[in-house]
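Peer 1: Provide a 3D model corresponding to the input given below.
(chains A and B)
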Amino acid sequence: AQSVTQLDSQVPVFEEAPVELRCNYSSSVSVYLFWYVQYPNQGLQLLLKYLSGSTLVESINGFEAEFNKSQTSFHLRKPSVHISDTAEYFCAVSDQRPDKLIFGTGTRLQVFP
Amino acid sequence: NAGVTQTPKFQVLKTGQSMTLQCAQDMNHNSMYWYRQDPGMGLRLIYYSASEGTTDKGEVPNGYNVSRLNKREFSLRLESAAPSQTSVYFCASSELASGGEQETQYFGPGTRLLVL
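Peer 2: Reported below is the predicted structural model:
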């Protein structure tokens, strides 16, 4: 069965610093990869996704993630974080249709001024 | 266009009580899902419905039942609540793209349930 590992439960970082949130998944022939963000007391919102094609995907608010098949990773990065990026970030994977997402345990990003 | 709505937002139950969590979506999606979120465990799929009239078990279905009332609505029922069911419950919906690609799941705001 597919599984997802988010190695860091919490990542503290100062504003304007770069950040990387790590995500690894168990190997599969084909996978669909997602990053969701959850702001306090809200539901999850899609940040970005990899379905096929270019291995580097970007979001509208400056995050990017790269699909690395050989390392079975889909790490999320941002070159300069803002206070407003403080949230919990979930990596998710699916290898089935209809979609059944398997979520990681989440990484809490805390941005300090 | 409200997206995915859930009621109630909060609920406190005593052990053994029953309740139904309601979910509705106005995006004409075929697929709907119920997840629970617990600290340190991420989101786990309870049940899902690939289309109107079908439901399937997810990772943690024990203690729950679901009903896909119509294309818009997907309810989750706890027949006899237990403290282990204290959690935040999220409903989601999605649609497969015409090419069969995985589509985005849209989530509701959640229901916070406390079972005493």
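Peer 1: C-alpha only now, for contacts and for neighbours.
Peer 2: Noted.
Peer 1: beta partners for residue A:45?
Peer 2: On the basis of DSSP bridges, residue A:45 is bridged to residue A:37.
Peer 1: my guess is residue A:110 contacts residue A:87. True?
Peer 2: Yes. Under the criterion of CA atoms under 8 Å, residue A:110 makes contact with residue A:87 at 6.9 Å.
Peer 1: more neighbours, the two?
Peer 2: Legend: neighbour count by other CA atoms under 10 Å in any protein chain shown for residue A:110 and residue A:87, higher for residue A:110 (19 against 16).
Peer 1: return the per-residue confidence for the more buried one.
Peer 2: Looking at residue A:110, its pLDDT is 96.
Peer 1: dump the one helix or strand residue A:109 maps to to CSV, keeping only the CA atoms.
Peer 2: Assigned by DSSP states H and E, residue A:109 belongs to strand A:107-112. Taking Å, rounded to 0.1, in the frame of the first residue of the first chain, the C-alpha atoms of strand A:107-112 are listed here in CSV:
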residue,chain,number,x,y,z
THR,A,107,4.5,19.7,8.9
ARG,A,108,3.7,22.8,10.9
LEU,A,109,5.6,25.8,9.4
GLN,A,110,6.0,28.6,11.9
VAL,A,111,7.4,31.8,10.5
PHE,A,112,8.8,34.3,13.0
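Peer 1: tell me the strands beside that strand, with direction?
Peer 2: With DSSP bridges as the test, strand A:107-112 is paired with strand A:10-14 (parallel), strand A:87-94 (antiparallel).
Peer 1: quick one: low-confidence ranges for the chain?
Peer 2: Here I'm looking at chain A. Along chain A, the model assigns pLDDT under 70 to residues A:28-29, A:96-99.
Peer 1: nope, chain B please
Peer 2: In the predicted model, chain B carries pLDDT under 70 at residues B:1, B:96-102.
Peer 1: try 90 this time
Peer 2: Scanning chain B for pLDDT under 90 picks out the ranges B:1-2, B:30, B:39-42, B:50-53, B:59, B:69, B:94-105.
Peer 1: next to chain B, which bits of chain A? Give me the list.
Peer 2: For chain A, the contact set with chain B under CA under 8 Å from any CA of the partner chain comprises A:9, A:32, A:41-46, A:51, A:90, A:97-106.
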